[in-house]
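3D, please:
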Amino acid sequence: MSDSKCIMLIDREGYMVTKTGHTEDFDMQAISALVAGSYAATREMARLLGEEEFSVLFHQGKRDSIQLTLVGDRTILATVFDERTTIGMVRLYAKEASQKLDKLFEDISQREDDGSEHIGADFAKTAKDQMDAVFCD
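Numbering: from 1, shown residues only. This is a model prediction of the structure:
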């Protein structure tokens, strides 16, 4: 368990897909939009430096910090944490969650390509369950 305060899965357009943890203190709509904007700006910075994009961003504050991890082509995993954990633990668990979610998204994409199954109403719950499995007890 990473001891993170909360984890959010946000699409690149700035919409919250799902979240877990203590999120009552945050304006989730604003954070989602700002995470997407931050990634868009960083993507351009990476391009100027000759990179396709940066897959992980980290912002450290006095009290709370946030790590943004690119998941697949369309989503960003945002992990908010404080001094109860270390950046190393967050990176380890975020990488694991990112890989599991990416695999899940690939499986869904392949099913859609086959025309056999589409993303259902339970998609956000499935993604949240995957995040809970990695980050929570």
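
Helix, strand, or coil at the residue nearest to residue 58 when sequence neighbours are not counted?
The spatial neighbour of residue 58 that comes closest, neighbours along the chain excluded (CB to CB, 6 or more residues apart in numbering), is residue 67 at 5.0 Å. Quick note: C-beta positions are derived from backbone N, CA and C, even for glycine. What DSSP: H, G, I helix; E, B strand; the rest coil gives for residue 67 is strand.

who are the neighbours in contact with residue 67?
Residues near residue 67 by CB atoms under 8 Å, 6 or more residues apart in numbering: 56-59, 78-79, 81, 87, 90-91, 94.

Try it again at 6 Å.
Contact analysis of residue 67 by CB atoms under 6 Å, 6 or more residues apart in numbering lists 58, 79, 90, 94.

ok, of the residues you listed, which come out buried?
79, 90, 94 (16 or more other CB atoms under 10 Å).

May I ask which helix or strand encompasses the spatially most central residue of the chain?
Per CA atoms, centre = their mean, the C-alpha nearest to the average position across the chain is that of residue 77, at 0.6 Å. Here residue 77, judged by DSSP states H and E, is contained in strand 75-81.

Pull the residues that contact that strand.
4-11, 35, 39, 64-71, 90, 94, 98.

Now do it, average pLDDT.
Averaged across strand 75-81, pLDDT comes to 93.

Give me the angle between the helix or strand following it and strand 75-81.
Downstream of strand 75-81, the first helix or strand assigned by DSSP H and E is helix 87-114. Using axes from the mean of the first three to the mean of the last three CA atoms, to 10 degrees, the inter-axis angle of helix 87-114 relative to strand 75-81 is 160 degrees.

average pLDDT for helix 87-114?
Mean pLDDT, helix 87-114: 83.

I'd like the distance from it to the chain centre, please.
Helix 87-114 sits 9 Å away from the centroid of its parent chain (CA atoms, centre = their mean, to the nearest Å).

List the buried residues of that helix.
90-91, 93-94, 97-98, 100-102, 104-105, 108.
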